[in-house]
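[1] This is a predicted model, with the sequence first.
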Amino acid sequence: MSHTALIGTGVMGETLLAGLLKAGWAPTTIVGADRREGRRQELEGRYGVRCVPTAAEAVDGADTVLLVVKPQDVADLLPLIAPHMAEGALLVSLCAGVTTGQLEAGLPEGTPVVRVMPNTPAQVSEGMAAVSAGVHAAEVDLEKAVHIMEAVGKAVVVPEKYQDAVTAISGSGPAYLFFVVEAMIDAGVMLGLPRDISTTLVNQTMYGSAKLLVESEQHPNLLREMVTSPAGTTAAALRHLEERSVKAAFMAAMEAARNRSAELGRG
């Protein structure tokens, strides 16, 4: 019986595993790989899936291979799994910066490859993933990859040329938000609030604002104007942010992230 091989059982690998099982996948359809015996026992006990010590063993007989390892480990891993890839088996890579071309070069000729850029909110089933097809991937392969990533959030299909920009926006995006949250909490403390109260105020404000943005489907500019009374407190705060070119700094930061993603992709 064919199965899905999960190569890489770190935070994102386990997140994907838990999401797939929650979405209704049978534990018997997934085989994980981890060199550490303790980790294998932990995953088998927690999820009821079979875990094996080598990637080659997990890939053998699989119709889908989920590659969720560090980008720097890919070059050493591909020669180990390539001889065990079944003809027509799909490889879905969640390895940041690794192109479909790089993956295809290390796999049997004609192997369908789909590249995915996930993000960490997948841990709470609110991830945002961008999915791109390699030269041998058919529409059915893209659909399968999208279906997999929808187990932990949402997914969109994009041309691979957009992946560096995606990495800068949604891949790294949670860090930008956490950076702003940290600054707001520290500001609350500076203004005299106890840290726990400041943290509660900021966290819920961010959560509620994000939910309002998504569910109202209104432009963020309009939502911002709804909070900004003429000559009021919000207007005073926003004036300071504009004077310090915060928006331009964010745009430049994301451009830097895009450029760094492209550099990593070139090896």
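    Yes, it's here.

[2] does the closest residue in space to L201 that isn't next to it in sequence sit in a helix or strand, and which one?
    Excluding its sequence neighbours, the residue lying closest to L201 (C-beta to C-beta, 6 or more residues apart in numbering) is G188, at 6.5 Å. C-betas here are computed from N, CA, C, even on glycine. Per DSSP states H and E: G188 is located in helix 173-190.

[3] I'd like to know which elements that helix is packed against.
    Applying 3 or more C-beta pairs under 8 Å, 6 or more residues apart in numbering; DSSP states H and E, we find helix 173-190 packed against helix 195-216, helix 246-265.

[4] Now do the following helix or strand past the first one, average pLDDT.
    Once the chain leaves helix 195-216, the next helix or strand it forms, by DSSP H and E, is helix 220-227. Helix 220-227 carries an average pLDDT of 96.

[5] still on that earlier bit, right, so of the helices and strands packed on helix 173-190, which gets closest to T233?
    helix 195-216 (14.2 Å; C-beta to C-beta).

[6] Could you list the buried residues of that closest one?
    Residues of helix 195-216 classed as buried by neighbour count (16 or more other C-beta atoms under 10 Å): S198, T199, V202.

[7] Hmm, G8 is touching P71, no?
    No. The criterion here is C-beta atoms under 8 Å, and G8 misses it with P71 at 11.1 Å.

[8] State the distance from L77 to I7.
    Distance, L77 to I7, using C-beta to C-beta, to the nearest Å: 7 Å.

[9] tell me, what's touching those two both at once?
    Residues touching both L77 and I7 by C-beta atoms under 8 Å, 6 or more residues apart in numbering: A55, L67, V69.

[10] Bridged to the spatially closest residue to the second one that is not a sequence neighbour, which residues?
    Distances taken as C-beta to C-beta, 6+ apart place S93 nearest to L67, at 4.5 Å, with adjacent residues excluded. Counting by DSSP bridges, S93 is bridged to L67, R115.

[11] burial count for S93?
    By the criterion of other C-beta atoms under 10 Å, S93 has 26 neighbours.

[12] cool, and L21?
    18.

[13] Do I have it right that it meets P27?
    Yes. Look at L21 against P27 with C-beta under 8 Å: they come within range, at 6.4 Å.

[14] list residues touching both of the two?
    Y47, V49.

[15] list the contacts for the spatially most central residue of the chain?
    In the chain, the residue lying closest to the centroid (C-alpha atoms, centre = their mean) is P118, at 1.7 Å. Contacts here follow C-beta under 8 Å, 6+ apart; on that basis P118 touches M12, L94, G127, M128, A129, M149, V152, G171.

[16] Take those residues and lay them out in TSV including secondary structure, pLDDT and distance to R40.
    Formatted as TSV, the contacts of P118 follow (DSSP: H, G, I helix; E, B strand; the rest coil; pLDDT from 0 to 100; distance: C-beta to C-beta, whole Å):
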residue	secondary structure	pLDDT	distance to R40
M12	helix	96	18
L94	coil	97	20
G127	strand	97	25
M128	strand	98	30
A129	strand	98	26
M149	helix	98	25
V152	helix	98	22
G171	helix	95	29
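
[17] Need the max-distance pair from the residues you listed.
    Taking C-beta to C-beta, the two most distant members of these are V152 and G171; they sit 14.3 Å apart.

[18] hang on, the earlier thing: would you list the contacts of P118 in a markdown table and tack on neighbour count and distance to M85?
    What follows is the contacts of P118, written out as a markdown table (neighbours: other C-beta atoms under 10 Å; distance: C-beta to C-beta, whole Å):
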| residue | neighbour count | distance to M85 |
| --- | --- | --- |
| M12 | 21 | 22 |
| L94 | 24 | 17 |
| G127 | 24 | 26 |
| M128 | 22 | 29 |
| A129 | 24 | 23 |
| M149 | 26 | 21 |
| V152 | 27 | 25 |
| G171 | 23 | 27 |
